[in-house]
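K.L.:
I'll drop the sequence and a predicted model, then ask my questions.
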Amino acid sequence: MYPLRLFLKYFQLTLKVTLQYKFDRVLIAAAVMIREMAGVIILILMLNRFVMIKGWQIDEILFLYSFLFLSYSLFVFFFTGIRDFEDLVYSGEFDRFLVRPVGILFQVIASKVDYTAALGHGVLGIILLQKTASQLGIEWTASGILFYILMLLGGALIQASIFMIASTFCFWTVRTTNLRNMLFFNSRKIAAYPLSFYPGLIQKFLIYVIPFGFVNYFPAQYFLKKPEMNEFWSGFMFLNPVVAAVLFALVCLVWNYGLKHYSSTGNALY
Amino acid sequence: MLIQVEQLVKDYQLNKNQKGFFHAIKNLLMPEYQKKRAVNGISFSISEGEMVGFIGPNGAGKSTTVKILSGVLKPTSGKVIVNGMDPFRNRKKYVSQIGVVFGQRTQLWWDLPAEDTFDLLKTIYKIPDATFKKNMDMFSEMLDLHEFLHQPVRQLSLGQRMRADIAAAMIHEPAILFFDEPTIGLDIVAKERIREFIRSMNQEKGITMLFTTHDMQDIEKTCERMIVIDRGDIVCDSKVDEIRQFSDSERKLTVKFGRQYDRIELPGAQMIKEAGNTKTFQFRTNEVKIPELIAELMSRYEVLDLTVQETDIESIIKQIYEGGAPAYESVS
Ligand SMILES: Nc1ncnc2c1ncn2[C@@H]1O[C@H](COP(=O)(O)OP(=O)(O)O)[C@@H](O)[C@H]1O
Ligand SMILES: [Mg+2]
């Protein structure tokens, strides 16, 4: 099968690049993990004084976190090219993609993998998941595991969509990296806490604008079964794949529209 | 005609002072662009097996033209048909039949040996094992790729990298090749090597080629036809031989006079430069004979010193850019 064979070939090359600097990359992955872990530790210290806040135990909040780390790990594993799309355009590499008889998005996705971030976030996510799930006594049934994995994939796709919307602006040679990072990472920070902690406006923002709520809060309810879920439509719990698919499809349309306006970059030298 | 370009225009849109997200949104809704015309309604055609040099100063629109021909950019207006297809609309089908070298950026994976990129290209273009091996052997022999194929690309010299890049653009046996400044930054030996290879590929395999350069030597040594482009316009499209003939017949005569003359008349020659008593004239050997001209000069004026120089193609091209061109007709 051609696309799969090509994807694996790219995979082989990106892996080979990473392995060239094994030591380097392992250090970076460790650094990423420590950086993220610092955030988690600060959270634990802050919340440690309370047994519960607004009906949430620390372990439950950390369980929410596990969704964020693991889905981000999947996101960078599959979509680093979208995250770093601006570099791709400004370095002129994107022109090269256009002269190859392969789908553009395919090349963007396949040609770049940030293994260090995938590893850093992934390992931390697994640690958190393992610790909290046993504390919370979550029983891993086959359907539960399947549900969890599906939610991670959907979460990765939702995050990819957010980055892809931002990358569309590159076609009009507009730099929006800072704003994108600000929006994305702040939304992610907010989404680290349960949605019910926030006033309605922020809740709506994380449901309808930058739908991080579907990355962790709603899917987590499937396992945590908090009574506060009554305040939302119960369907939200399962909506993650739908949100992901619809959002990604819409974003692809916009992206393809932008692609028609692509005007390349001027010469690097002149 | 394999390549047909008619009235091709490309405007870039520059968004001035429109940084940031909100401006970007505003831009999408109410575009407020400043236009920059890079290609200004050019027309030309290239037949199968031809090798055409595209020469012009920086910013002339060469790269833009190549990007349009290779399907990267959408023309603002005009018609481009290559191999029976519209490069931009039929991109995916079209690009499998062309090869493109962007001289200033490599397509080789920087951190990996070049052979890995070839391996990837083999998969991308679905090249059968036998064909791949045959081509790799040929390139190894002609370009000495085997010497450095296993080294990470970042360790290669510019000349080695360029050779590998050219081979990479040809590994899938394209019918048409576009090169954008394939010799830029190379030393004479490396340049010569690439010219030789390009020429033999054109002659032996009949690959149609268009390449851009701002080095006239590239064109003299490889192409039969050249197109001169300046500020988005084609200013000359002719056989290299014809320009060479012209340059063969054109001479410059520099004379140092013994005293000040207000007016100097020399039939068949025109004064083009004046610095004190030293004046430079231009003439053509098919119009006046050198001995006659000098005899005439000596009989009329007091002369201390004189030199006769050939005009090389380079300076003729320069004249063409500068608009002081001798009248060239398009011969395509
Ligand atoms: N992506 C771009 N956006 C805006 N202007 C561009 C872009 N690329 C080239 N230009 C402008 O278009 C003109 C032609 O550029 P180019 O085709 O690169 O010339 P050349 O290759 O002959 O040096 C130049 O004035 C250049 O500044
Ligand atoms: Mg150029």
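P.N.:
Perfect, thanks for sending it. Ligands and ions are numbered 1, 2, ... in the order given.

K.L.:
under the pLDDT cut-off, which ranges of the stretch 201-332 of chain B? List them.
P.N.:
In the predicted model, the stretch 201-332 of chain B carries pLDDT under 70 at residues B:247-248, B:311-314, B:319-332.

K.L.:
closest residue of it to ligand 1?
P.N.:
Closest contact between the stretch 201-332 of chain B and ligand 1, by Cβ to the nearest ligand atom, is at B:T212 (6.5 Å). Just so you know, the C-beta spots here come from the backbone N, C-alpha and C atoms, and that holds for glycine as well.

K.L.:
got the contact list for that residue?
P.N.:
B:G53, B:F54, B:I55, B:G56, B:K62, B:S63, B:T65, B:V66, B:F179, B:D180, B:E181 (Cβ atoms under 8 Å, 6 or more residues apart in numbering or on different chains).

K.L.:
over to it. Which of the three states is it?
P.N.:
Recorded secondary structure, B:T212: strand (DSSP: H, G, I helix; E, B strand; the rest coil).

K.L.:
and the closest residue to B:C223 other than its chain neighbours, what does it touch?
P.N.:
Once flanking residues are discounted, B:C223 sits nearest to B:G53: 3.9 Å by Cβ to Cβ, 6 or more residues apart in numbering or on different chains. Neighbour list for B:G53: B:L210, B:F211, B:T212, B:T213, B:D218, B:I219, B:T222, B:C223, B:R225, B:M226, B:I227, B:V240 [criterion: Cβ under 8 Å, 6+ apart].

K.L.:
swap in A:A220?
P.N.:
Residues near A:A220 by Cβ under 8 Å, 6+ apart: A:E60, A:F63, A:L64, A:F67.

K.L.:
how far off centre is whichever strand or helix holds it?
P.N.:
Element membership for A:A220, per DSSP states H and E: helix A:217-224. Its chain's average C-alpha position is 17 Å from that of helix A:217-224, according to Cα atoms, centre = their mean, to the nearest Å.

K.L.:
check the closest residue to A:I109 other than its chain neighbours and give its pLDDT.
P.N.:
Spatially, and ignoring its direct neighbours in sequence, A:I109 is nearest to A:G81 (5.2 Å; Cβ to Cβ, 6+ apart). We have a pLDDT of 94 for A:G81.

K.L.:
per-residue pLDDT of the residue nearest to B:C223, please?
P.N.:
So, for B:G53, pLDDT stands at 94.

K.L.:
what residue ranges in the stretch 151-270 of chain A score low on pLDDT?
P.N.:
A:265-270.

K.L.:
swap the cut-off to 90 and go again
P.N.:
A:166-193, A:195-198, A:200, A:223-232, A:234-235, A:237-238, A:260-270 (pLDDT under 90).

K.L.:
kindly report the same for the stretch 1-150 of chain A.
P.N.:
In the stretch 1-150 of chain A (pLDDT under 90), the answer is A:1, A:20-26, A:29, A:32-33, A:36-37, A:39-59, A:86-92, A:133-140.

K.L.:
picking that back up, show me how far whichever helix or strand comes after the helix holding A:A220 is from its chain's centre.
P.N.:
Downstream of helix A:217-224, the next assigned helix or strand under DSSP H and E is helix A:240-259. Relative to the chain's own centre, helix A:240-259 is displaced by 15 Å; criterion: Cα atoms, centre = their mean.

K.L.:
can you point out the buried residues in helix A:240-259?
P.N.:
When neighbours are counted by 16 or more other Cβ atoms under 10 Å in any protein chain shown, the buried residues of helix A:240-259 are found to be A:N240, A:P241, A:V243, A:A244, A:L247, A:F248, A:V251, A:W255, A:G258.
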